[in-house]
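**Q** I'd like to go over a predicted model; first the sequence, then the structure.
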Amino acid sequence: HPEVIVQAVAARDNARTSASTKKHNIADVRTSYDEIFEDPKIDAVFIPLPNSLHFEWAVRAIRAGKHVLVEKPSTSNATEAGIPFNLPELLQPNAS
Ligand SMILES: NC(=O)C1=CN([C@@H]2O[C@H](COP(=O)(O)OP(=O)(O)OC[C@H]3O[C@@H](n4cnc5c(N)ncnc54)[C@H](OP(=O)(O)O)[C@@H]3O)[C@@H](O)[C@H]2O)C=CC1
Ligand SMILES: O=C1OC[C@@H](O)[C@H](O)[C@H]1O
């Protein structure tokens, strides 16, 4: 979409990630997910981590005030599934 800018990518292996981001003209590579959450220029995050990490990082992202697109399955069990969609942050205007 022309209004979407991929601002940054965060991953554990900076050298490997840089090869990929260069190919896609993404200049900004971070080594921690928290750096993404702390950046006010970033409105939304995409979470393509292994399944077991989806819940933890989706909740952290929502709590950081980001819009979240999380890969499926969004959580690992029924208990986790009830939590992200009921966080107080999602009651804020423009939350989704
Ligand atoms: N493959 C499939 O058939 C399907 C996948 N999905 C979802 O799509 C997304 C991408 O899938 P896929 O590429 O197979 O996922 P992978 O599990 O292969 O890759 C996920 C990435 O997460 C990063 N990562 C961060 N922490 C860890 C960790 N502790 N252990 C392993 N990787 C870690 C790695 O990136 P780095 O090394 O750069 O940090 C890794 O490349 C996932 O969210 C998955 O749940 C959904 C449906 C089907
Ligand atoms: O294989 C896959 O990995 C990524 C997912 O978004 C996709 O739906 C799935 O088929």
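**A** Here it is on my side, so go on. Because the structure is predicted, anything quoted here is derived from the model rather than measured. Residues are numbered from 1 along each chain as shown. Ligands and ions are numbered 1, 2, ... in the order given.
**Q** In stretch 46-66, which residues are buried?
**A** For stretch 46-66, the neighbour count (16 or more other Cβ atoms under 10 Å) marks 47, 54-55, 57-62, 64, 66 as buried. (Each C-beta comes from the backbone N, C-alpha and C, glycine too.)
**Q** Now do it: everything it contacts.
**A** Stretch 46-66 is contacted from outside by 33, 36-38, 42-45, 68-71, 73-76, 80, 83-84, 87, 89-90, using Cβ atoms under 8 Å, 6 or more residues apart in numbering.
**Q** Average pLDDT for it, rounded please.
**A** The average pLDDT within stretch 46-66 is 97.
**Q** Would you tell me whether that stretch gets close to ligand 1?
**A** Yes - judged by Cβ under 6 Å from any ligand atom, stretch 46-66 comes into contact with ligand 1 through 48-51, 53.
**Q** With secondary structure added, can I get these in a markdown table?
**A** Below are these laid out as a markdown table (DSSP: H, G, I helix; E, B strand; the rest coil):
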| residue | secondary structure |
| --- | --- |
| P48 | coil |
| L49 | coil |
| P50 | coil |
| N51 | helix |
| L53 | helix |
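**Q** Just list the residues touching V45, thanks.
**A** 36-37, 61, 66-69.
**Q** Secondary structure class of the residue nearest the centre of the chain, three-state.
**A** When Cα atoms, centre = their mean is applied to the chain, the residue found nearest the centroid is V45 (3.2 Å). Recorded secondary structure, V45: strand (three-state DSSP).
**Q** related to what we said a few turns ago, just the ones in strands from the contacts of V45, please.
**A** 67-69 (DSSP state E).
**Q** Restricted to helices, list the contacts of stretch 46-66.
**A** Of the positions in the contacts of stretch 46-66, 33, 36-37, 80 sit in helices, assigned by DSSP state H.
**Q** Select, from those, the two members most distant in space.
**A** Comparing all pairs in the ones in helices among the contacts of stretch 46-66 by Cβ to Cβ, the longest separation belongs to I36 and E80, at 21.7 Å.
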